[in-house]
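Novice: no sequence for this one, just the structure:
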């Protein structure tokens with residue numbers, strides 16, 4: 001099923017209404033859809049690098065808007081919708097990990113959500129189910145998701161597919177270095 005959805009999403013990258021599809025997929029991924037918007041953002045930016053900033057902004061805005069739906073699902077419909085959705089995706093363990101991250105890092109967990117391989121929908125649902133204050137949730141979402149999508153568009157604009165592939169290979173190490181840096185700052189009371 002995931003492979004078919006991925007193929008379908010990639011087909012939309014070449015569609016005349018590709019930006020609308022990018023926005024729709026970005027919105028849906030933040031609350032219930034399994035395919036990340038990067039799957040469309042990367043090829044669309046490779047095809048038209050001059051539109052990279054616009055596409056990154058569109059992806060950020062629609063992702064945060066979809067994150068608000070995920071927050072609502074976690075806050076109001078956890079048992080009816082969120083729990084079955086997490087089970088369907090096999091993400092119960094990731095949900096528990098994210099809940100622990102919220103306990104440790106607070107709002108910084110939302111920022112990290114934009115940069116982790118853990119699906120963003122797990123963070124949005126967890127934030128709602130834990131009744132995280134809405135303003136920090138939105139600010140952290142804009143910061144983390146914006147950083148992710150603007151860096152992706154910038155890398156493609158700067159170095160094309162070759163640089164994108166290099167960064168993609170190093171991204172797990174870069175992510176864990178970032179988590180370690182934030183953990184150190186939280187531990188020393190410099191972030192909180």
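Specialist: All right, it came through fine. Here the structure is a predicted model, which means the values were calculated and not measured.

Novice: just the helices in this protein please.
Specialist: Counting by DSSP state H, the segments of the chain that form helices are 2-13, 18-29, 38-47, 52-76, 83-88, 92-105, 108-113, 120-129, 134-187.

Novice: so which of the ones you listed is the most packed in?
Specialist: Between those, helix 120-129 has the highest mean count of neighbours, a mean of 28, where neighbours are mean count of other Cβ atoms under 10 Å. Where C-beta positions appear, they are placed from N, C-alpha and C, glycine not excepted.

Novice: and that helix, how far out from the chain's middle?
Specialist: Relative to the mean C-alpha coordinate of its chain, helix 120-129 is positioned 11 Å out (Cα atoms, centre = their mean, to the nearest Å).

Novice: could you dump the helices of the chain into a markdown table and include mean pLDDT?
Specialist: Formatted as a markdown table, those follow (pLDDT from 0 to 100):
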| stretch | mean pLDDT |
| --- | --- |
| helix 2-13 | 65 |
| helix 18-29 | 93 |
| helix 38-47 | 84 |
| helix 52-76 | 96 |
| helix 83-88 | 92 |
| helix 92-105 | 90 |
| helix 108-113 | 85 |
| helix 120-129 | 94 |
| helix 134-187 | 75 |
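
Novice: wait, isn't residue 72 in contact with residue 128?
Specialist: Yes: Residue 72 is within contact range of residue 128, at 6.2 Å (criterion: Cβ atoms under 8 Å).

Novice: before I go, just wanted to say thanks for your time.
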